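Q: Here is a sequence together with a model predicted from it:
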Amino acid sequence: MTERFDAIIVGTGQAAKPLAGALAKAGKKIASIETKHVGGTCVNEGCTPTKTMVASSRVAYLTRRGADYGVRTGPISIDLGRVRERKREIVESFRSGNIKRLTGENMELIYGIAEFAGPKTLHVDLRDGGSRTLEADWIFLNTGLRAAVPTMPGLRDIPLLNNESIMELDAVPQHLLIIGGGYIGLEFGQMFRRFGSNVTIIHKGHQLLDHEDPDVAEEIRKILAEDGIEVLLEADTFAAGSSGNSVQLSVRQGSETRRLIGSHLLVATGRIPNTEALNLAAAGVATDEHGYIKVNDYLETTAPGIYAIGDVKGGPAFTHISYDDYRIIDANLLRGERRSIRDRILPYTVFIDPQLGRIGLTETEARERGRNIRVAKMPMTYVARAIETAETRGFMKIVVDRDTDQILGAAVLGIEGGEIASIIQIAMQGRLKYTALRDGIFSHPTLAESLNNVFFNWDGEQ
């Protein structure tokens with residue numbers, strides 16, 4: 001027997017919760033389908049748990065630096081079990097809040113695995129047994145991503161960790177090997193170094209964080225090296241194995257081959273979309289060669305009435321992007337507007353320490369697009385607040401259109417870099433000239449007042 005709903009949401013990531021609430025408030029009958037845990041990657045194995053553990057590792061870092069501030073401390077130890085317990089408590093709190101927001105009038109939360117049985121029909125194998133068949137005029141796919149495991153001889157035959165399982169360790173690894181120099185690899189690498197692990201990051205590219213400007217990536221490498229992390233660049237891991245309680249990697253750098261031995265291995269080589277179980281062909285929903293669902297600028301798939309939101313459609317995999325996807329759907333379907341994802345200003349923060357706050361175009365991207373630019377660049381050693389807090393690592397870099405004086409993008413690698421980048425973003429959204437920040441009055445001594453000074457430091461100009 002087929003059950004009728006006005007809308008079905010498959011997956012409960014960060015677009016799903018507010019979307020279900022908005023649809024229900026509009027009088028629509030909603031079914032939300034979840035395979036595992038409500039809240040998606042962000043709540044369960046992404047933002048919430050990782051930043052909780054990053055906070056614990058920063059406390060360890062500052063405690064060891066006590067002498068820098070004239071504070072005497074003794075030897076410290078890490079109770080990783082308690083770190084994990086704190087992480088679990090916060091995740092459960094957030095998850096429970098999401099569950100409450102997906103249940104109520106006009107809303108039903110269903111646990112199970114969904115697949116299309118037709119253009120507007122889903123068959124759901126229920127987690128507790130049995131099945132249900134649902135149909136709706138609107139279907140929203142919010143199934144997210146999962147960790148990818150590269151094809152490599154021996155890799156699937158040894159114990160390995162991903163971004164989720166590494167947070168369930170109850171003891172600090174003696175030597176953590178990490179394949180991948182992206183956001184996940186760097187955040188966990190620095191975190192576990194501060195917990196006390198020896199850490200080696202093996203990255204195939206010529207720089208860390210492949211999409212960042214080379215000077216930003218190189219500064220991050222120097223910071224990690226200062227923290228005692230070994231970084232191998234242009235290093236191809238071509239085989240894996242194990243012996244006793246150790247894992248072994250065969251790595252090629254140029255003409256040299258090395259064998260690395262560690263106690264634990266984290267694979268952080270990217271993520272892949274959760275689409276293969278959906279039977280998308282039955283609904284006429286197309287994907288690209290990597291399995292991401294194809295959408296237009298209005299988040300519409302190739303099948304009428306079916307939309308893809310969040311990470312599963314490809315593009316930047318960030319919670320705030322997923323949430324904005326919800327706002328676009330809400331505006332277009334419930335309020336008669338015609339908003340699109342085109343030309344969104346996309347911010348993000350990499351939660352290494354110091355943070356990398358990013359907004360808009362990199363210098364490389366701006367030059368590739370033929371923009372006439374100038375670049376303001378200033379080390380954090382010039383920032384009074386950074387000096388006072390003994391947090392002077394990194395630099396600020398802002399790309400300005402020379403013809404219009406408007407800001408095109410910024411990278412703030414420094415203490416609370418994400419917060420400073422947010423101030424720059426507001427100026428960009430208001431289409432203010434850079435002079436509005438240069439000449440603005442900010443409280444002293446704050447990090448924000450660095451925006452007065454950075455524009456007196458033009459890279460390569462006298």
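A: That came through fine. All figures in this text were calculated on a predicted structure; none of them were measured in a lab.

Q: Strands of the stretch 151-300 of the chain, start to end?
A: 175-179, 198-202, 230-232, 235-243, 246-253, 256-262, 264-267, 271-273 (DSSP state E, counting those that start in this stretch).

Q: do the same with the stretch 1-150 of the chain
A: Using DSSP E, counting those that start in this stretch, the strands assigned to the stretch 1-150 of the chain run over residues 2-4, 7-10, 30-34, 107-118, 121-126, 131-135, 138-141, 145-147.

Q: of all those strands, which lies closest to residue 80?
A: strand 145-147 (20.8 Å; Cβ to Cβ). (C-beta placed from N, C-alpha, C; glycine too.)

Q: what helices or strands is that closest one leaning on?
A: Using 3 or more Cβ pairs under 8 Å, 6 or more residues apart in numbering; DSSP states H and E, the elements in contact with strand 145-147 are strand 271-273.

Q: For the helix or strand that comes right after the strand it packs on, name the packing helices and strands.
A: Using DSSP states H and E, the next helix or strand after strand 271-273 towards the C-terminus is strand 306-308. Packing partners of strand 306-308 (3+ Cβ pairs under 8 Å, 6+ apart): strand 138-141.

Q: Which helix or strand contains the residue lying closest to residue 216 once chain neighbours are set aside?
A: Excluding the flanking residues, the one nearest residue 216 by Cβ to Cβ, 6 or more residues apart in numbering is residue 411, at 5.1 Å. Element membership of residue 411 [criterion: DSSP H and E] is strand 407-414.

Q: now the helices: where do they sit in the chain?
A: Applying DSSP state H to the chain gives helices spanning 16-25, 40-44, 47-64, 80-101, 183-195, 214-226, 319-329, 363-368, 384-388, 417-429, 434-438, 450-453.

Q: The ones you listed into JSON lines, with extra columns for mean neighbour count, distance to residue 257 and mean pLDDT?
A: Formatted as JSON lines, those follow (neighbours: other Cβ atoms under 10 Å; distance: least, Cβ to Cβ, whole Å; pLDDT from 0 to 100):
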{"stretch": "helix 16-25", "mean neighbour count": "22", "distance to residue 257": "47", "mean pLDDT": "96"}
{"stretch": "helix 40-44", "mean neighbour count": "24", "distance to residue 257": "36", "mean pLDDT": "94"}
{"stretch": "helix 47-64", "mean neighbour count": "18", "distance to residue 257": "33", "mean pLDDT": "97"}
{"stretch": "helix 80-101", "mean neighbour count": "16", "distance to residue 257": "34", "mean pLDDT": "96"}
{"stretch": "helix 183-195", "mean neighbour count": "24", "distance to residue 257": "22", "mean pLDDT": "98"}
{"stretch": "helix 214-226", "mean neighbour count": "18", "distance to residue 257": "22", "mean pLDDT": "98"}
{"stretch": "helix 319-329", "mean neighbour count": "21", "distance to residue 257": "40", "mean pLDDT": "96"}
{"stretch": "helix 363-368", "mean neighbour count": "16", "distance to residue 257": "32", "mean pLDDT": "98"}
{"stretch": "helix 384-388", "mean neighbour count": "16", "distance to residue 257": "42", "mean pLDDT": "98"}
{"stretch": "helix 417-429", "mean neighbour count": "19", "distance to residue 257": "37", "mean pLDDT": "98"}
{"stretch": "helix 434-438", "mean neighbour count": "17", "distance to residue 257": "49", "mean pLDDT": "98"}
{"stretch": "helix 450-453", "mean neighbour count": "20", "distance to residue 257": "45", "mean pLDDT": "98"}
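
Q: Dump these to TSV, plus distance to residue 158.
A: Formatted as TSV, those follow (distance: least, Cβ to Cβ, whole Å):
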stretch	distance to residue 158
helix 16-25	35
helix 40-44	25
helix 47-64	24
helix 80-101	22
helix 183-195	18
helix 214-226	25
helix 319-329	32
helix 363-368	37
helix 384-388	43
helix 417-429	36
helix 434-438	51
helix 450-453	47
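
Q: Relative to residue 46, how far out is the most centrally placed residue in the chain?
A: Nearest to the mean C-alpha position of the chain, by Cα atoms, centre = their mean, lies residue 318 at 4.9 Å. Per Cβ to Cβ, to the nearest Å, residue 318 is found 9 Å from residue 46.

Q: Please apply the same query to residue 378.
A: From residue 378 to residue 46 the distance is 32 Å (Cβ to Cβ).

Q: and if you look at residue 183?
A: Going from residue 183 to residue 46 by Cβ to Cβ gives 10 Å.

Q: same question, residue 249
A: Applying Cβ to Cβ to residue 249 and residue 46 gives a distance of 26 Å.

Q: low-confidence ranges in the protein?
A: Scanning the chain for pLDDT under 70 picks out 462.

Q: can I see the domain layout of it?
A: As assigned by automatic domain parsing, the chain contains the domains 2-38+102-147+272-334, 155-269, 347-456.

Q: Using CSV, lay out the strands of the stretch 151-300 of the chain together with distance to residue 73.
A: CSV is the format used below for these (distance: least, Cβ to Cβ, whole Å):
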stretch, distance to residue 73
strand 175-179, 25
strand 198-202, 22
strand 230-232, 26
strand 235-243, 36
strand 246-253, 33
strand 256-262, 29
strand 264-267, 28
strand 271-273, 39
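
Q: Can you report how many residues lie near the residue lying closest to residue 34 once chain neighbours are set aside?
A: Using Cβ to Cβ, 6+ apart and skipping the chain neighbours, the partner closest in space to residue 34 is residue 12 (4.6 Å). Neighbourhood size, residue 12 [other Cβ atoms under 10 Å]: 30.

Q: My understanding was that residue 12 contacts residue 35; is that so?
A: No. The pair residue 12 / residue 35 is not scored as a contact, 9.1 Å apart, by Cβ atoms under 8 Å.

Q: Can I get the strands of the stretch 1-150 of the chain in JSON lines including distance to residue 353 and mean neighbour count?
A: JSON lines is the format used below for those (distance: least, Cβ to Cβ, whole Å; neighbours: other Cβ atoms under 10 Å):
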{"stretch": "strand 2-4", "distance to residue 353": "50", "mean neighbour count": "13"}
{"stretch": "strand 7-10", "distance to residue 353": "36", "mean neighbour count": "27"}
{"stretch": "strand 30-34", "distance to residue 353": "33", "mean neighbour count": "26"}
{"stretch": "strand 107-118", "distance to residue 353": "37", "mean neighbour count": "18"}
{"stretch": "strand 121-126", "distance to residue 353": "43", "mean neighbour count": "19"}
{"stretch": "strand 131-135", "distance to residue 353": "46", "mean neighbour count": "16"}
{"stretch": "strand 138-141", "distance to residue 353": "36", "mean neighbour count": "26"}
{"stretch": "strand 145-147", "distance to residue 353": "23", "mean neighbour count": "19"}
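
Q: Residue 277: which of the ones you listed is closest?
A: The nearest among the strands of the stretch 1-150 of the chain, by Cβ to Cβ, is strand 107-118 at 6.0 Å.
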